[in-house]
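> Provided below are the primary sequence and the corresponding predicted coordinates.
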Amino acid sequence: MTVSRRAFMRGGALALMSFGLDPLFLDRAAYAVAPLRQGAARGKTLVCLFQRGAVDGLSMIVPFSDAAYYRDRPRIAIPRNRVINLDDQFGLHPGMAGLMPWWRDGSLAVVHAVGSPTSTRSHFDAQDYMESGTPGRKSTLDGWGNRYCQHHTEHVETPFRAVAFGPQLPRTLAGSAPALAIDDLRTFGVQNRGGSQDRLSRAFESLYQGSATGLLATSSHEGFEAVRMLREADPSRNPAANGAQYPAGRLGQSLRQIAQLIRADLGLEIAFADVGGWDTHVNQGADQGQLSQRLGELGRALTAFATDMGEHMANVVVLTMSEFGRTVRENGNAGTDHGRATAMMVLGGGVQGGKVHGRWPGLATEQREDGRDLTVTTDFRDLFGEILARHLGARDLGAVFPGHTTGAEAFPGVMRG
Amino acid sequence: MRPPLCLLALALPLVSPASAQAPLSARDSAFHVLNRLAWGPAPGQVDAVLREGALAWAERQLGVARVDDPKLATRLPERFPVLALRQADFIQLFVAQQQQQQAAARAQPDDPMRPQPGVPPAPGTRPANRNELRDLGSQTQQLVLARATASEHQAAEVLVDFWFNHFNVFYGKGLVRPYLHSYVEEAIRPNALGKFEDLLIATARHPAMLFYLDNAQSVADGAVPPNLQRLQQAQRQARRPGQAARTDSMMRRAQQRMPTGINENYARELLELHTLGVDGGYTQGDIEEIARILTGWGIARPGQGAGFVYSAWAHDRGAKTVLGMTFPAGGGEDEGVRLLQALASHPATMHNVSAKLCGRLVADAAPDGCIDDAVSAWRRTGGEIREVVRAIVHSQDFWAAANVGSKVKTPLEFVLSAVRAVGGTVDDTPRLSAAVTRLGQPTYLKTEPTGYQETQEDWVNSGALLNRMNLAMALAAGLLPGVSVNLEAVIPRTADRDALLDAIDARLFGGKLSRNTRSAIAAELADIRDPQTMRAMALGLALGGPEFQRQ
């Protein structure tokens, strides 16, 4: 069931007026019911899925035609007959077989050998750089997702424009533009033990309306508005559509709630979720085992999300990302150590899918970075930038990725231009 | 722009600040100083400071000989066993944990949940098993809250927080974990009221910082460690093929672990964050030269004490020039010390660090007059921190009506001031720390070297405010996990709404609760009969309301 965002905004603003709002907020409410334009009018959403801990891109998207792959990974290579062929050069890990319908209909693309220009192999630094969007610069205060929101303000103002699922706002969305961290849609808001939640919420609201000034006033208005919009839309009552089955666990729950929020049409433009467990130094496994379980969960969660979204998927792009890849050669513990480039997946509407993008550098020793790791041939900022530009309609990528020049000629080509 | 009150400013220590500036009453001054130079007023404390005089109280706070409150220091160790441990104990535990994990990895090769050896988990990576080190880590976090709520040396604890944040390290990065406790106890706390130069050098030489900003990995270009030199020699002399193969594999392992070349991370943050500031007039060339000067500053192996070590083999012995200072070829460890001393008393450092202190203690946009006062005290005393802070507290900006109540509390300040306001006691579980984490400011877990920001834009957002309201309601009902509170002693139950609101106003707001807030709360109490429910509602709304978010 879909209710238009515009109707919500208007209903919300009317409801608020009865509480005697200050003019500042009425301005913003009026802004909210102004005609929708561009990206927001199209209702486009980008879902970022951060695989924290550095996923082994060579097991996720297998370069099975490269002899070095089997030579250097005697115990952990995905057997040739278990790889799901994508394009006779690369194949999908069998745990993600459920995604094949989207590959075949051209809405799933892969970028291989993507990563950061900074060669750090520290999780901490590399995650930080990928989220700030300024590799090599530690003092950047905000994230690229937030800078996008700061510099593209023609989109409709809604408290749900940038939402991270988890207890805290990730670096990607941190910054001066409003962004929400939601641990669980069902419990977001003011909790009242044994009393009425609405009543307590209204009590705090009247307190802030009367006595708050400046940022405390505007932010609290946004918060109460978000709570009210959620209450009215009640997105969590919607069952998953089309028989979608989300896997148990945090990732499945996050994607399920992102789908609910998109369907509630509350203006969600950038959603963020993360999933850990990729740091497979020991006994990584091949088509079975540790990494296989994680990839299986990821594949089932993405499959469920795309199934659930159905035709809404035309307005959604899911982008997976990870701070770096892992060594080509397996280590003494049948695992892999911190490497350089990895693979990222792009799933959704407008995707130039059914194709593995990016220049493949090869796995021969002399083709590797430092003789050991998959060489980075696509700067992650060019991939992120392309999706921001061609999916969300971003124009000022220089402000989103300061110090980096990107554009059509640098884009890997994952979106239909 | 400074008001023409120079003569009065000189006289300030002798008179009450209220008499110098009309808008602030003596009670307002007491309330204000407790919000800025303490973690908020505890029950009865506004009255006590009122009797003593706000400036006299501040003088006494800044005059303490040591950061530790001796009364609290004798009580804490039985609750926090971590206080009895030294750096060496942590390293021992860390090494033992790694060995245990490696053994476990060998013992159960098919268990996917087995912890990985060596690398402590970064966010999203596999967590280590619950173990002693982790318990000690959560004690270290919780200790911050226990000290800040209960210490009589409030100003000192505020400054400890300020300096840790200024010289931030991230607990989740590798070796910072076993070194954090010693970093706090041995580098930050003993120097928090001392000389800035000593504090700077203590942080620069501490393994936590050397690891966090990668200086321990920074070696002169082409430098080869002694063990690799020996291997290279053995390889040249090897006669039998088996022997050569063995040295080959040892060499490969040694080379994999070997740091290669200069790492500029610490040098960059040293200038940008710790000393001169981003506009401090330095160049990329200065950063590179500083990185060369600090090559060789590293961490000793566990068998050799695991503390600071200077490795001559890693040091770049060439000549260097930084900010016009020359360091002739052939220098060693001493040139790093000389550099840090020069940076500590550089005019840009005085200005940058003073401005940051004023931003914390006075107003988000640090007023020029206050910065000037701090810088002249710095110049006069050679960077005695207590004198610099004293100058800030004596500056007119500190007491200016426009700055009172102007700053929004950080999550940590909000939680601590709320707990102190109701006379709460923090237990030794990690539960209150978890609450601070939920509000977005996990202790010792700021990944970036910038530390947490001080300005309201970083803390005020809609989700965070809702979380603050929830925390306030829980605390007011006596149900906040990790805190025990005797509400009856602070705000006695009463069926008289006005009496209840009077008590909350007097005890928590220094008598400054706005009419709006008061009537909004009163309206909510209208149909509540039970005095206990009434108190919980009134107190929760007051603590979660907009006025308590400010200081």
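Alright, I've got the coordinates. It should be emphasised that the depicted structure is a prediction, and the values quoted were computed from it without experimental measurement.
> now the strands for the chain?
All of this refers to chain A. Secondary structure of chain A (DSSP state E): strands at A:45-51, A:61-62, A:84-85, A:91-92, A:108-115, A:162-165, A:180-182, A:270-275, A:316-321, A:342-348, A:356-357, A:378-379.
> oops, wrong one, chain B.
Assigned by DSSP E, chain B shows strands spanning B:297-299, B:308-310, B:320-322, B:325-327, B:425-426, B:483-484.
> one step back: tabulate the strands of chain A in a markdown table, adding columns for distance to A:His221 and mean pLDDT.
C-beta here means a position set from N, CA and C on the backbone, and glycine is covered the same way. Formatted as a markdown table, the strands of chain A follow (distance: least, C-beta to C-beta, whole Å; pLDDT from 0 to 100):
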| stretch | distance to A:His221 | mean pLDDT |
| --- | --- | --- |
| strand A:45-51 | 24 | 98 |
| strand A:61-62 | 45 | 98 |
| strand A:84-85 | 50 | 98 |
| strand A:91-92 | 47 | 98 |
| strand A:108-115 | 40 | 98 |
| strand A:162-165 | 17 | 94 |
| strand A:180-182 | 14 | 87 |
| strand A:270-275 | 21 | 96 |
| strand A:316-321 | 29 | 98 |
| strand A:342-348 | 33 | 98 |
| strand A:356-357 | 43 | 98 |
| strand A:378-379 | 39 | 98 |
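> so what's residue 417 closest to, chain neighbours aside?
I'll assume chain A. Excluding the flanking residues, the one nearest A:Gly417 by C-beta to C-beta, 6 or more residues apart in numbering or on different chains is A:Arg390, at 6.2 Å.
> that's the wrong chain, I meant chain B
In this structure, B:Ser417 finds its nearest non-sequential neighbour in B:Gly40, 2.8 Å apart by C-beta to C-beta, 6+ apart.
> if I look at the one residue in chain A that gets nearest to chain B, how far off is B:Arg518?
Closest residue of chain A to chain B, C-beta to the nearest C-beta: A:Arg52 (2.2 Å). Note on A:Arg52: its distance to B:Arg518, by C-beta to C-beta, to the nearest Å, is 47 Å.
> equivalent analysis for A:Gly136, please.
Counting by C-beta to C-beta, the gap from A:Gly136 to B:Arg518 is 53 Å.
> more neighbours, those two?
B:Arg518 (20 against 17; other C-beta atoms under 10 Å in any protein chain shown).
> quick one: residues contacting that one.
For B:Arg518, the contacting residues are B:501, B:505, by C-beta atoms under 8 Å, 6 or more residues apart in numbering or on different chains.
> quick revisit: would a markdown table of the strands of chain B with mean pLDDT, mean neighbour count and distance to chain A be doable?
Shown next, in a markdown table, are the strands of chain B (pLDDT from 0 to 100; neighbours: other C-beta atoms under 10 Å in any protein chain shown; distance: least, C-beta to the nearest C-beta, whole Å):
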| stretch | mean pLDDT | mean neighbour count | distance to chain A |
| --- | --- | --- | --- |
| strand B:297-299 | 96 | 23 | 16 |
| strand B:308-310 | 97 | 17 | 21 |
| strand B:320-322 | 97 | 18 | 20 |
| strand B:325-327 | 97 | 15 | 24 |
| strand B:425-426 | 94 | 19 | 21 |
| strand B:483-484 | 96 | 16 | 16 |
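> so A:Ser107 sits against A:Gly353, correct?
Yes. With contact defined as C-beta atoms under 8 Å, A:Ser107 counts as touching A:Gly353 (4.8 Å).
> other SSEs contacting the lengthiest helix in chain B?
Assignment by DSSP state H gives helix B:87-107 as the longest helix of chain B. If you count contacts as 3 or more C-beta pairs under 8 Å, 6 or more residues apart in numbering or on different chains; DSSP states H and E, helix B:87-107 packs onto helix B:132-150, helix B:176-182.
> out of those helices, which is the most enclosed?
Most buried of the helices and strands packed on helix B:87-107 by mean neighbour count (mean count of other C-beta atoms under 10 Å in any protein chain shown) is helix B:176-182; its value is a mean of 24.
> could you say what helices and strands that one packs with?
So helix B:176-182, by 3+ C-beta pairs under 8 Å, 6+ apart, packs with helix B:87-107, helix B:132-150, helix B:207-212.
> extract the C-alpha trace of that helix and format it as CSV.
Extracted C-alpha coordinates of helix B:176-182, given in CSV (Å, rounded to 0.1, in the frame of the first residue of the first chain):
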residue,chain,number,x,y,z
VAL,B,176,46.0,0.8,21.0
ARG,B,177,43.8,-1.7,22.9
PRO,B,178,46.4,-2.9,25.4
TYR,B,179,48.1,0.5,25.6
LEU,B,180,45.0,2.7,26.2
HIS,B,181,44.9,2.4,30.0
SER,B,182,48.5,3.4,30.4
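> now do residue 330: how many residues are near it, please.
Here I'm looking at chain A. Look at A:Glu330: counted by other C-beta under 10 Å, it has 19 neighbours.
> actually chain B
B:Gly330 has 9 neighbouring residues, counting by other C-beta under 10 Å.
> and the pLDDT at it?
pLDDT, B:Gly330: 96.
> now the spatially closest residue to B:His153 that is not a sequence neighbour: how far from B:Ser151?
Closest residue to B:His153 apart from its sequence neighbours, by C-beta to C-beta, 6+ apart: B:Asp69 at 4.4 Å. Using C-beta to C-beta, we find B:Asp69 at a distance of 4 Å from B:Ser151.
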